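Novice: the following comprises the amino acid sequence and a computationally predicted model.
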Number of protein chains: 2
Amino acid sequence: MPAAPQIDFLRGTLDLMILKTLSWAPAHGYGIARWIEQCTDDVLQVEEGSLYPALHKLEERGLVVAEWGVTEHNRRAKFYRLTAAGKKQLATSHDYWARFAVAVSKVLKTAPAAPRTA
Amino acid sequence: MPAAPQIDFLRGTLDLMILKTLSWAPAHGYGIARWIEQCTDDVLQVEEGSLYPALHKLEERGLVVAEWGVTEHNRRAKFYRLTAAGKKQLATSHDYWARFAVAVSKVLKTAPAAPRTA
DNA sequence: TTGCGTAACCTAGGAATCCGAGGTATATAC
DNA sequence: GTATATACCTCGGATTCCTAGGTTACGCAA
């Protein structure tokens, strides 16, 4: 059963976007999801079934640390903060993503010198 | 065991790039892989263990059709050609990728109005 | 003629990640 | 008191990629 357009571009980029969101300020999971959706005009939807496992893995890898706190809505929430390793990983991933996106756009735009049989 | 930079951006884009490569002219699997690598200066590497299963699935979905032929190197090879459905899918995926890439870059560039607690 | 490198195909099994579906708890508004 | 929104969680299926293995056959050189 495919998703809406049976494509899966999100794979791998979720971590990157979480790290980036946390680079501005600590935030909790629910807030991260809402921020990403809002800032992309709902083009990117962050499902909770993806978000929380992803956060837990980032924590296991030592890229973020979590701490319980209280939101402005007076609700208990787990606030995540980037570690030094997380910042380094963010830089690396960001870089890698940039190179990747350029490469894909080359494939999508480049007219073939000879893509034929080779 | 992570790959090189433990990131997996390729997910989902392989199909798109295959379809795009075939939009220029029919080609065989091995040629498609070499073309994508060459045209991206080896930033994107297409492994055979990913490529052939992907091609078979595209064929199952009716997006491409295959036909045995002979290459310029006088070797037997399966040539893939885009179907009408394949062209339509290519357009859709291309579009979706464009919107996705824009959305990601928004997350990566946008300064937070208030990504804080929400 | 034997051997090597390259071209070209294939599959099986494991790993990673996303998502749908389900569940919990509580503050505020009505 | 009931609904809505906030905020967390996990399980299991589905998908997709890659590693590692294997096959066939051309062309060239030793």
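Specialist: Everything's here; your move.
Novice: show me where pLDDT drops low in chain A?
Specialist: A:1-7, A:112-118 (pLDDT under 70).
Novice: contact residues of it facing DNA strand D?
Specialist: A:1-2, A:6, A:8, A:28-31, A:48-49, A:52-53, A:55-56, A:71-73, A:75-79 (Cβ under 7 Å from any atom of the strand). No exception for glycine: its C-beta is placed from N, CA and C like everyone else's.
Novice: is the lengthiest helix in chain A positioned near DNA strand C?
Specialist: With residue count as the measure and DSSP state H as the assignment, chain A has helix A:84-109 as its longest helix. No. In terms of Cβ under 7 Å from any atom of the strand, no part of helix A:84-109 sits within range of DNA strand C; the closest distance is 11.0 Å.
Novice: about what we covered before: so how do I select the buried members of the residues of chain A next to DNA strand D in ChimeraX?
Specialist: Selection of buried members from the residues of chain A next to DNA strand D for ChimeraX, criterion 16 or more other Cβ atoms under 10 Å in any protein chain shown:
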select /A:28,29,30,31,55,71,77,79
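Novice: which among the residues of chain A next to DNA strand D are in contact with DNA strand C?
Specialist: Contacts with DNA strand C are made by A:D8, A:E48, A:G49, A:P53, A:H73, A:R75, A:R76 out of the residues of chain A next to DNA strand D, judged by Cβ under 7 Å from any atom of the strand.
Novice: quick revisit: which of the residues of chain A next to DNA strand D fall in strands?
Specialist: A:H28, A:R76, A:A77, A:K78, A:F79 (DSSP state E).
Novice: one step back: can I get the ones next to DNA strand C among the residues of chain A next to DNA strand D in CSV with distance to chain B?
Specialist: Below are these laid out as CSV (distance: Cβ to the nearest Cβ, whole Å):
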residue, distance to chain B
A:D8, 4
A:E48, 14
A:G49, 17
A:P53, 15
A:H73, 8
A:R75, 9
A:R76, 12
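Novice: quick check, nearest of these to B:K20?
Specialist: Sorting these by how near they are to B:K20, with Cβ to Cβ, puts A:D8 at the top with 16.8 Å.
Novice: that's a strand at A:G69, yeah?
Specialist: Yes. Under DSSP: H, G, I helix; E, B strand; the rest coil, A:G69 falls within a strand.
Novice: that one touches A:A77, doesn't it?
Specialist: Yes. Under the criterion of Cβ atoms under 8 Å, A:G69 lies in contact with A:A77, with a separation of 6.2 Å.
Novice: spit out the residues that contact the two alike.
Specialist: Overlap between the neighbourhoods of A:G69 and A:A77 consists of A:H28, taking contacts as Cβ atoms under 8 Å, 6 or more residues apart in numbering or on different chains.
Novice: how far away is the residue in chain A positioned nearest to chain B from B:F9?
Specialist: The nearest approach of chain A to chain B comes at A:R11, 3.2 Å away (Cβ to the nearest Cβ). As for A:R11, its distance to B:F9 is 7 Å (criterion: Cβ to Cβ, to the nearest Å).
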